[in-house]
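K.L.:
Sequence and predicted structure are below.
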Amino acid sequence: MADLSNILPDQLMHSVLGKLYEILTGGDATVPASKDNFFSWCSPGIPIRAEDLRFLSKGVSGVYTPQKDSEGNIIELTEEEKNVIRATDTGWLYQQAENFARLVDFVPDVTAAANNQLSKLSIHHNEGTLSHLYKYALQFSQVANTELSQEEKAKVEKFRELLQVKRIKKDLITDEETEVIEPSPLVVLYNEKMAAYVDAVLEYNTYRVDALAADNPRAVHFWAMNASSLRKKVQAAMADWITNGYKNEYDGIAARIDQIMSKDLSLLKAEYKDTLEKAKLTGLASGSDFYYTSLVPGNFMTGGWTKFSFSSSDYSRHSSSKYTSYGGGASAGFLGIGASAGYQHKDSSKNQKINASNFKLTFEMCQVPIVRPWLKTPFLTSKAWKLDPGSPEVQSRGEFLSDGAVPPNGILPAYPTAVLFIRNLVLDFGKYNSEYASIFKSDKAETSVGWGPFSVDAHYSSASYKSDLTSHSETQGISVRGMQIIGFNCHVLPKSPDPLPNIKNWI
């Protein structure tokens, strides 16, 4: 067993993230690892409250909830007073939707690991947001100049109606009604069952990784006796996804759309631009536009959460794990105490070594898919489009969103597909490190303090979002009961555009 009496905190964090990454990415016959996904960690985590995501389950239409007086009697209000309450609630729900849409509207920097940067949330600040770059691809692209038959056009319309639905939105100020696009029930069920499958995979991988450490007899016994049941749980979740989540149907629709797109993209491109426009909303406070984005299931806070634990006995097994960005291994450097505002994180390294012989870390985690009804990835991966080489904008930015290399280069090499939430964090460095643990307390209201991707005292704020996360010192260590985002599962975009060489006519 490794000697943990004199190690650097970044070595310990390296091992923690190694175990977490192994659980999240899979790696055996039952749960094969994905070669096109990677995790981008926040540094430190972003605090978020359940009430900040109320729009996910309630929508953006405000409601009136009757209030009671001190004697338990319902307070009677006029209809006008009720409408004021509904309007106020609607405004708050729209603000929540805007806050979340902007939070996940980013492009991760896939080259971070190759540049030996720390495994933290690194963003393409200079190229724009995901929605901005997707709009750029639609605006400055050329598509194959062919014509679909009427039968093929009818199929496209049918497929589109299966994946999205139209809803009427009323402007709070002008009462003007506009049409917006939302995910269809098929897409909602697809993502709900996918989330349940992901939960089963996290549970399976958690016990599998604990057993592989081979230094915890209880974990080994548990895996030996229950691996078959856990495996069946994963398989059942996959079967439920296929049977009740329309997995094959959804994948088949995407494949059919891609097949038709290889013939003619002009019709679909026009519809995609229209869908993007209809998903656009205007923030009440900011006055700027954003694109509606959600999580499925919206009530994930009440669903299944997976328990994660790390102790000193896990260190040897995961101390050499590769957990950083796509195509790279773990880099040296201190993933330690830092102060942040928004995404900005300033490392204030502590080179003092610690005794981690009694180190313990536990929390609950839940990975939730991001749903963007306006983002049509089949367009980005189609073989029948390219960026217009005659456009000055394209000439300045290059001919690729992603060049398909490892790691890929381009203005849109990857995009976030899921959010990793944790809650009930307990962090205990052991009785020998009270001086080191005291560093985690902050008395500055604008400062966020954390260790790696874990926030301990956090005061996160941006132009449109603000939330706090406060720790409590307890006998078992530092306890943080609130919920926080510690990372994003990101998908690497293949070479895009990658047009077929036999296409000669473009429009």
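P.N.:
Now that the structure is in, tell me what you want to look at.
K.L.:
tell me which residues in the helix or strand harbouring residue 131 are buried?
P.N.:
Residue 131 is located in helix 130-139, with elements delineated by DSSP states H and E. With burial defined by 16 or more other Cβ atoms under 10 Å, the residues of helix 130-139 counted as buried are 130-131, 133-138. Where you see a C-beta, it was placed from the backbone N, CA and C, and this is true even at glycine.
K.L.:
for those, which one is nearest residue 313?
P.N.:
residue 130 (40.5 Å; Cβ to Cβ).
K.L.:
Relative to residue 414, how far out is that closest one?
P.N.:
Residue 130 sits 10 Å away from residue 414, going by Cβ to Cβ, to the nearest Å.
K.L.:
Between the two, which contacts overlap?
P.N.:
Residues touching both residue 130 and residue 414 (Cβ atoms under 8 Å, 6 or more residues apart in numbering) are residue 107.
K.L.:
is it true that residue 133 touches residue 414?
P.N.:
No - at 11.3 Å, residue 133 does not count as touching residue 414 under the criterion of Cβ atoms under 8 Å.
K.L.:
Common neighbours of the two, please.
P.N.:
Residues touching both residue 133 and residue 414 by Cβ under 8 Å, 6+ apart: residue 107.
K.L.:
where exactly do the strands run in the stretch 51-200 of the chain?
P.N.:
Secondary structure of the stretch 51-200 of the chain by DSSP state E, counting those that start in this stretch: the strands cover 141-143, 164-170, 177-183.
K.L.:
How far off centre is the shortest one?
P.N.:
When you say that, I think you mean strand 141-143. From the chain centre to the centre of strand 141-143 is a distance of 29 Å (Cα atoms, centre = their mean, to the nearest Å).
K.L.:
Just give me the neighbour total for residue 397.
P.N.:
18 (other Cβ atoms under 10 Å).
K.L.:
do you know how far it is from residue 409?
P.N.:
To residue 409, residue 397 is 12 Å away according to Cβ to Cβ.
K.L.:
Identify the residues contacting residue 360.
P.N.:
By Cβ under 8 Å, 6+ apart, the residues touching residue 360 are 309-312, 426-428, 430, 476-477.
K.L.:
how about residue 285, phi and psi?
P.N.:
When read as degrees, to the nearest 10, the backbone of residue 285 gives phi -90, psi -40.
K.L.:
and residue 19, what helix or strand is that in?
P.N.:
helix 9-25.
K.L.:
Surely residue 368 is in contact with residue 195?
P.N.:
Yes - if you go by Cβ under 8 Å, residue 368 and residue 195 touch, sitting 6.0 Å apart.
K.L.:
Mutual contacts of the two, please.
P.N.:
296-297, 300.
K.L.:
okay if I get those as TSV plus neighbour count, distance to residue 86 and pLDDT?
P.N.:
Output for the shared contacts of residue 368 and residue 195, formatted as TSV (neighbours: other Cβ atoms under 10 Å; distance: Cβ to Cβ, whole Å; pLDDT from 0 to 100):
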residue	neighbour count	distance to residue 86	pLDDT
296	21	25	88
297	21	25	89
300	23	26	91
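K.L.:
Go through these and say which is closest to residue 144.
P.N.:
Of the shared contacts of residue 368 and residue 195, the one sitting nearest to residue 144 (Cβ to Cβ) turns out to be residue 296, at 33.1 Å.
K.L.:
check contacts around that closest one.
P.N.:
183, 188, 191-192, 195, 368-369, 371.
K.L.:
The same query, at a cut-off of 6 Å, please.
P.N.:
188, 191-192, 369, 371 (Cβ atoms under 6 Å, 6 or more residues apart in numbering).
K.L.:
just for the stretch 1-150 of the chain, where's the confidence low?
P.N.:
The stretch 1-150 of the chain contains residues with pLDDT under 70 at 1-2, 26-29, 111-127, 148.
K.L.:
which residues in it form helices?
P.N.:
Secondary structure of the stretch 1-150 of the chain (DSSP state H, counting those that start in this stretch): helices at 9-25, 55-58, 79-103, 130-139, 150-163.
K.L.:
Can you tell me which of those is most buried?
P.N.:
helix 9-25 (a mean of 23; mean count of other Cβ atoms under 10 Å).
K.L.:
returning to what we had before: could you single out the nearest of the contacts of residue 360 to residue 382?
P.N.:
Using Cβ to Cβ, residue 310 comes nearest to residue 382 of the contacts of residue 360, at 42.8 Å.
K.L.:
Skipping its backbone neighbours, what lies nearest that closest one in space?
P.N.:
residue 361 (4.4 Å; Cβ to Cβ, 6 or more residues apart in numbering).
K.L.:
Now name the helix or strand holding that neighbour.
P.N.:
With DSSP H and E as the criterion, the answer for residue 361 is strand 360-371.
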